[in-house]
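**Student:** dropping a prediction and its sequence here:
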Amino acid sequence: MNKKVNVVQDADCNNIVLINDIIFKSRRLINWHDVEEYLKKYIGQSVEIIETAEKVYIGTDFPDEFSHSIDTKNLKGANEKAKANIASAVKELVKIANNKLESQDYENKHKSKAKNGWYRYDTRFGIPVYDECGELIRYNVFKARMLVRCDKDDKLYLYDFVRIKKETSKPLEQ
């Protein structure tokens, strides 16, 4: 695979975004300011979700929310590293999102940001695992919940990826 990001299907024909280039490699703490700066390149772009044909815009609030949300602050270990590294695959993760659900505004703290409600979608991605010689041996697969806000102009805006968790199913072997 020459591309940094690939969309493949698992044995059940579910889409998975494989992230082949790990940008944020820290073994201890992720520098979330660097992640936020990296994500700013997406501002103003839009992506269409394949399943629903909805156009999702990436607004100015996405990099900050992604990097500094309560969910992000609570991440540890492999889940934290996984979230940081999906920064290179944001557009692909939006494209393959599925299982759209309308969602309530928890704690009524985001009414001004989402005048017409919230949507949640599921998405999946794989992070490579290498052996001691640097050879790819498998991908650990993670699932995430994509949060999208519906603004007063009825446009959908990407807000965050939350509930990132490693799947306990068999990882994708190389």
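**Tutor:** Cool, got the structure. Numbering: from 1, shown residues only.
**Student:** for stretch 153-171, buried residues please.
**Tutor:** Of the residues in stretch 153-171, 156-162, 164, 171 count as buried by neighbour count, 16 or more other CB atoms under 10 Å. C-beta coordinates here come from the backbone N, C-alpha and C atoms, glycine included.
**Student:** could you do stretch 28-41 as well?
**Tutor:** Going by 16+ other CB under 10 Å, stretch 28-41 has these buried residues: 30, 32, 35-36, 38-39.
**Student:** and stretch 6-14, end to end?
**Tutor:** 14 Å (CA to CA, to the nearest Å).
**Student:** stretch 143-156 now?
**Tutor:** OK, stretch 143-156 end separation, CA to CA: 21 Å.
**Student:** contacting residues around that stretch?
**Tutor:** 54-57, 83, 86, 93-94, 97, 103, 110, 113-125, 157-165, 167 (CB atoms under 8 Å, 6 or more residues apart in numbering).
**Student:** if we go to 7 Å?
**Tutor:** 54-57, 93-94, 97, 113-124, 157-165, 167 (CB atoms under 7 Å, 6 or more residues apart in numbering).
**Student:** doesn't Ala78 fall inside a helix?
**Tutor:** Yes: remark: Ala78 belongs to a helix, assigned using DSSP: H, G, I helix; E, B strand; the rest coil.
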